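In: Here is my input, please return the structure:
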Amino acid sequence: MTTAPQGPVAAEIERRLAAALSPQRLAVIDDSEKHRGHAGHDARGESHFTVEIVSQGFAGQSRVNRQRAVNAALRDLLAERVHALAIVARTPEEDQAART
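Out: Below you'll find the predicted structure:
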């Protein structure tokens, strides 16, 4: 779903979210380089991400519940490998409205 080259952590994030939430659109963006020298930066890279995910499964869910669903799919990665995760979670209708 993401066309940019990915490291192994980004690829695992994409795989897990695709399996758990059946997104219509998914972008996993590695923001790690922007955080070089900041707290939580990992010299291995792949420590800070933005996830943009569009799924019909988010219909009727609050923003908090959407983020909980993403976090649940990535629980051990968040505990062990990922320092920061920004989440944009929308339904297809919300995504369409945001893009127009």
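
In: next one: the host helix or strand of residue 17 to chain centre, how far?
Out: Using DSSP states H and E, residue 17 sits in helix 8-21. Taking Cα atoms, centre = their mean, to the nearest Å, the mean C-alpha location of helix 8-21 is offset from the chain mean by 8 Å.

In: Now do it, average pLDDT.
Out: Averaging pLDDT along helix 8-21 yields 97.

In: do the same with stretch 32-48
Out: 65.

In: Show the end-to-end separation of that stretch, please.
Out: 5 Å (Cα to Cα, to the nearest Å).

In: Equivalent analysis for stretch 70-80, please.
Out: Start-to-end, stretch 70-80 (Cα to Cα) is 16 Å.

In: Would you check how far apart residue 55 and residue 80 are?
Out: 25 Å (Cβ to Cβ, to the nearest Å). In this view, the C-beta of every residue, glycine as well, is placed from N, C-alpha and C.

In: Repeat that for residue 74.
Out: 10 Å.

In: more crowded one of these two?
Out: Counted by other Cβ atoms under 10 Å, residue 74 and residue 80 do not tie: residue 74 has more neighbours, with 22 against 7.
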